[in-house]
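>>> sequence first, predicted coordinates after that:
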Amino acid sequence: MMKGIHIFQMMVSESSLFIQVCLTFAAVFIQLYSNNISGPIPSDLGNLTSLVSLDLYLNSFTGPIPEPLGKLSKLRFLRLNNNSLTGPIPKSLINISSLQVLDLSNNHLSGEVPDTGSFSLFTPISFANNPELCGPVTGRPCPGSPPFSPPPPFVPPTPISSPGGVGATGAIAGGVAAGAALLFAAPAIAFAWWRRRKPQEFFFDVPAEEDPEVHLGQLKRFSLRELQVATDSFSNKNILGRGGFGKVYKGRLADGSLVAVKRLKEERTPGGELQFQTEVEMISMAVHRNLLRLRGFCMTPTERLLVYPYMANGSVASCLRERPPSQPPLDWPTRKRIALGSARGLSYLHDHCDPKIIHRDVKAANILLDEEFEAVVGDFGLAKLMDYKDTHVTTAVRGTIGHIAPEYLSTGKSSEKTDVFGYGIMLLELITGQRAFDLARLANDDDVMLLDWVYASDAFFSHFI
C-alpha cells in the first residue's frame, strides 16, 4: 500500500512503469496515466506546491480523492478519470482558482458535486459515469433536496371588469395585444427584409455574446465584436494561413495577448449549434503539451470561430519552405524532436481521449512550433466539428491531396490508420523539405506525389535541404 509520495515514486521505479515528471521553470507535470497502478492516491502529492498537471487516469487507483490536493494553488489540469475512486469530491478542490481542466469521470464517487468556486465552470462531462454523484450539474437531486423542475409557466392575472363593461374591457385588451404584437414584430420584419437585401455582408451578434465572461465548460466564449477588434475586422493583412477548414487570423486581445483566430467555413445546419458546443468542449478536454490548446470560441447564427494561442514560429511547413534566406534551415536534432513531439500528440488523441479523436489531416502545415520549437499538433477535432450532420460511421472525406490514405479516400471511413498514413507523409516532408503534392516537379519529369517521388530511383537521397 502506498502511504506517501516517496513510497509512491519508489514503487513506480521498481515496477519499471512509464513515468514522466517534467520540471520546467519550477513547474511540475506528473504524467502517470495508463500504467495499471493500484492503491490509494498519496495525500503527500498535496505538498508539491509547483504542481501544474496531475494525470493519473486509466489506472486502478482506489479510495478517496485526497483532501490535500486542494492546496495545489498552481494546479491547472487534474485528470483522475477511469479509476475506481470512491467517496465524496473534496470541497477543498473548489479553492484551486487556476484549475482549467477537470476530469473525474468513470469512477465510483458519491455525494454532492460542488458548484461554487472553480467548479462553477465545469459541466457534466467532468463527472460522467459516477452514478452516486448528485447535484445540479449531474441532473440528479441529492437525498433530502427538492427535485429539479423548470419554473412554473407565467399565468396572466384575470382582468377585473364591472358589470356591463365586459365589451369595453375586451376591446381595450385586444387593442393592447395587437399593439404589442406589432411593436415586437416590426423589428423582426425589418431585420428579415434587411437580411434578404444584404444576405451576409455584415455580422450579426446575439445578445448573449455581449458578456465576455460567458464560459462553456473550461472555455471562454468570446464576443464577435471582441474578435473583430482583435483582428482589425478580419483584415487580410492579419491572415496567417488558409486551409480546408477556413482562414486563420492573427489577433491581439484587449489584455495584449496574441491569439490565432480560426474562422471556420461550414454549411450551417438547423440544430447544429448544440452539437458544435459539445464537440468544442470535447476538443478542450484534450490537453497535452504536444496538442494546440483551445483557448475559447465564438458562435453566432452566421459564424463559428475558434481561438488558439499564437505560435511564434509558425508551422513546420513554413519553416521548411517559407523561411527567409537569412534564417538557417531546421537542424536534424530539431527535426527529430518535431517528429517525436507530433507522434506523442497524435498518440494522445488516439489512446487517451474518450471518445478518441481522429485528426484526418495530419501534415506539416498542421504541426505548429512554439518559442522553443516544440511540436504542437493543431486542427485536431475540426473534421468532427465540420461533420456534425454526418453519422459516426462514414463521414465526408476531409484532408489535403497527398496526405489522404487511399482506403480513406475510397471508403470515406477514417481510423487511427488514416492519421498514421498522414504522419508518414509528414515525416517525408520533414526530412526532404518537399511538398506532399507539387505540380512543379513535373518540370523535371518527377512524380507530383511525394510518396511516389521518394520511391523513384535515388531522388530521395539527393534532395535533402
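Cool, got the structure.

>>> what is the neighbour count of the spatially closest residue to residue 91 that is not a sequence neighbour?
Leaving out its chain neighbours, the residue that sits closest to residue 91 by CB to CB, 6 or more residues apart in numbering is residue 114, at 6.0 Å. C-beta: built from backbone N, CA, C; applies to glycine. Neighbours of residue 114 under the rule other CB atoms under 10 Å: 19.

>>> for residue 114, phi and psi?
phi -60, psi 150 (degrees, to the nearest 10).

>>> surely it touches residue 92?
No: the criterion here is CB atoms under 8 Å, and residue 114 misses it with residue 92 at 9.8 Å.

>>> can you spell out the domain ranges of the chain, please?
5-134, 200-310, 314-465 (automatic domain parsing).

>>> quick one: low-confidence parts of the stretch 51-200 of the chain?
Across the stretch 51-200 of the chain, the ranges flagged by pLDDT under 70 are 146-200.

>>> how about the helices in the stretch 101-250 of the chain?
Counting by DSSP state H, counting those that start in this stretch, the segments of the stretch 101-250 of the chain that form helices are 166-197, 224-230.

>>> check the stretch 301-450 of the chain too.
All helices of the stretch 301-450 of the chain, identified by DSSP H, counting those that start in this stretch, fall at 316-321, 332-351, 382-386, 406-411, 416-432, 450-455.

>>> CSV for the ones you listed, including distance to residue 239?
Shown next, in CSV, are these (distance: least, CB to CB, whole Å):
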stretch, distance to residue 239
helix 316-321, 13
helix 332-351, 24
helix 382-386, 18
helix 406-411, 29
helix 416-432, 22
helix 450-455, 26
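
>>> so which of these is the most packed in?
Highest mean neighbour count among the helices of the stretch 301-450 of the chain (mean count of other CB atoms under 10 Å): helix 382-386, with a mean of 23.

>>> just the mean pLDDT for that one, thanks.
The pLDDT scores in helix 382-386 average 53.

>>> for stretch 234-249, same thing?
Averaged over stretch 234-249, pLDDT sits at 86.

>>> show me what it is in contact with.
Residues outside stretch 234-249 that contact it (CB atoms under 8 Å, 6 or more residues apart in numbering) are 228, 231-232, 250-251, 260-265, 314-315, 361, 365-366, 379, 382, 386, 398-400.

>>> repeat for stretch 54-69
30-47, 72, 75, 77-90, 92-93, 103-104, 109, 352.

>>> of these, keep whichever come out buried.
30-35, 37, 39-46, 72, 75, 77-83, 85, 88-90, 92-93, 103-104, 109, 352 (16 or more other CB atoms under 10 Å).

>>> hmm, back to that, mean pLDDT lowest for which of the helices of the stretch 301-450 of the chain?
helix 382-386 (a mean of 53).

>>> with distance to residue 142 as extra columns, can I get the domains of the chain in JSON lines?
Below are those laid out as JSON lines (distance: least, CB to CB, whole Å):
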{"stretch": "domain 5-134", "distance to residue 142": "4"}
{"stretch": "domain 200-310", "distance to residue 142": "22"}
{"stretch": "domain 314-465", "distance to residue 142": "27"}
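
>>> tell me where the stretch 201-350 of the chain has strands.
Under the criterion DSSP state E, counting those that start in this stretch, the stretch 201-350 of the chain carries strands at the ranges 215-216, 219-221, 239-243, 246-252, 258-264, 296-299, 304-309.

>>> quick one: those strands as CSV, columns for mean neighbour count and distance to residue 56 too.
CSV is the format used below for the strands of the stretch 201-350 of the chain (neighbours: other CB atoms under 10 Å; distance: least, CB to CB, whole Å):
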stretch, mean neighbour count, distance to residue 56
strand 215-216, 16, 26
strand 219-221, 19, 24
strand 239-243, 15, 36
strand 246-252, 20, 35
strand 258-264, 20, 31
strand 296-299, 23, 27
strand 304-309, 21, 26
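
>>> take these and lay them out in JSON lines including distance to residue 419.
Converted to JSON lines, those look like this (distance: least, CB to CB, whole Å):
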{"stretch": "strand 215-216", "distance to residue 419": "27"}
{"stretch": "strand 219-221", "distance to residue 419": "24"}
{"stretch": "strand 239-243", "distance to residue 419": "17"}
{"stretch": "strand 246-252", "distance to residue 419": "21"}
{"stretch": "strand 258-264", "distance to residue 419": "20"}
{"stretch": "strand 296-299", "distance to residue 419": "24"}
{"stretch": "strand 304-309", "distance to residue 419": "20"}
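
>>> wait, which of the ones you listed is closest to residue 436?
Taking CB to CB, strand 239-243 is the member of the strands of the stretch 201-350 of the chain nearest to residue 436, at 13.8 Å.

>>> pairing partners for that closest one, with directions?
Taking DSSP bridges as the criterion, strand 239-243 pairs within the sheet with strand 246-252 (antiparallel).

>>> the strand it pairs with versus strand 258-264: what angle between them?
Calculated by axes from the mean of the first three to the mean of the last three CA atoms, to 10 degrees, strand 246-252 forms an angle of 150 degrees with strand 258-264.

>>> residues contacting the residue lying closest to residue 291 once chain neighbours are set aside?
Distances taken as CB to CB, 6+ apart place residue 345 nearest to residue 291, at 4.9 Å, with adjacent residues excluded. By CB under 8 Å, 6+ apart, the contact list for residue 345 reads 288, 290, 291, 375, 376, 377, 380.

>>> the fourth one: neighbour count?
The one in question is residue 375. Neighbour tally, residue 375, other CB under 10 Å: 25.

>>> roughly how far does it sit from residue 436?
Per CB to CB, to the nearest Å, residue 375 is found 17 Å from residue 436.

>>> swap in the first one?
Counting by CB to CB, the separation of residue 288 from residue 436 is 25 Å.

>>> do residue 108 as well
To residue 436, residue 108 is 48 Å away according to CB to CB.

>>> give me the more crowded residue out of the two.
residue 436 (23 against 15).

>>> from memory residue 258 sits against residue 252, does it?
Yes: counting by CB under 8 Å, residue 258 does reach residue 252; the two are 5.7 Å apart.

>>> what's the end-to-end length of stretch 41-48?
Taking CA to CA, to the nearest Å, stretch 41-48 runs 14 Å from one end to the other.

>>> just give the nearest non-adjacent residue to residue 373, would you?
Closest to residue 373 by CB to CB, 6+ apart is residue 334, at 5.4 Å.

>>> got it, and residue 108?
residue 86 (4.8 Å).

>>> how about that neighbour, secondary structure?
Under DSSP: H, G, I helix; E, B strand; the rest coil, residue 86 falls in the strand class.

>>> that one against residue 109, yeah?
Yes: using CB under 8 Å, residue 86 makes contact with residue 109 at a distance of 6.7 Å.

>>> what about residue 282, neighbour count?
So residue 282, with other CB under 10 Å, has 18 neighbours.

>>> from what I can see it touches residue 355, true?
Yes: the pair residue 282 / residue 355 is scored as a contact, 7.5 Å apart, by CB under 8 Å.

>>> who are the neighbours in contact with the residue nearest to residue 91?
Neighbouring residues of residue 114 by CB under 8 Å, 6+ apart: 89, 91, 93, 94, 135.

>>> residue 104 is in contact with the first one, correct?
Yes: Residue 89 lies in contact with residue 104 (CB under 8 Å); the separation is 6.8 Å.
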